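Asker: Curious how this folds, go ahead:
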Amino acid sequence: MTDLAFDDALGELLPRLRRFALWLTRDLSAADDLVQSALERALSRRASKRDDGDLRTWLFRIVYRQFLDGRRRSQRYARFLERFRSVDEPESPSAERDALARSALAAFERLPAEQRSLLLWITVEGLSYQQVADILEVPIGTVMSRLSRARQSLRRFGDGEIRTPALRLLK
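Answerer: Residues are numbered from 1 along each chain as shown. Here you go, the predicted model:
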């Protein structure tokens, strides 16, 4: 793919990447930062992209991996800061948590990021199961079962039944 064709394809996919990042982060500026860092990574590693691979799948994978890496990084940072927290400091729920607990969120927003991203890729972006399997680097059957669970959770939340998913015990 020539540089001009690559730039045109990136420009065409930018609104989709931004929409996907917005659903992952739920914050406009964080979504813009996520897309920017993903595009930086894509441009710096363009030579490593296979020519026969789908550009859209490759870019969605980068955005998703950047999101997961950022989330892991922030969790590590929070654990690190927790060590310095004073023991005498009273624990009270933040205003944000209180507001979120009381507000009636849409069923889609209640799903975990992994389930939201699966539903977005399949229903909104129109990716095939195989393309999503390539993004997540899992077998296509895993994508189908995860998608089934995501749809089931969405139905449950939509019916007003709000509960945390039960853990399955494996023998």
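Asker: Quick one: neighbours of residue 43, just the number.
Answerer: Neighbour count for residue 43, taken as other C-beta atoms under 10 Å: 11. Just so you know, the C-beta spots here come from the backbone N, C-alpha and C atoms, and that holds for glycine as well.
Asker: Could you say which helix or strand holds it?
Answerer: Using DSSP states H and E, residue 43 sits in helix 28-44.
Asker: Check which helices and strands that helix sits against.
Answerer: For helix 28-44, the contact count by 3 or more C-beta pairs under 8 Å, 6 or more residues apart in numbering; DSSP states H and E identifies helix 3-25, helix 55-82 as packing neighbours.
Asker: I'd like those helices as a markdown table, with mean pLDDT, mean neighbour count and distance to residue 110 appended.
Answerer: Formatted as a markdown table, the helices and strands packed on helix 28-44 follow (pLDDT from 0 to 100; neighbours: other C-beta atoms under 10 Å; distance: least, C-beta to C-beta, whole Å):
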| stretch | mean pLDDT | mean neighbour count | distance to residue 110 |
| --- | --- | --- | --- |
| helix 3-25 | 91 | 15 | 13 |
| helix 55-82 | 89 | 15 | 18 |
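Asker: Mind checking those helices for the one nearest to residue 32?
Answerer: Nearest to residue 32, of all the helices and strands packed on helix 28-44, is helix 3-25, at 7.1 Å by C-beta to C-beta.
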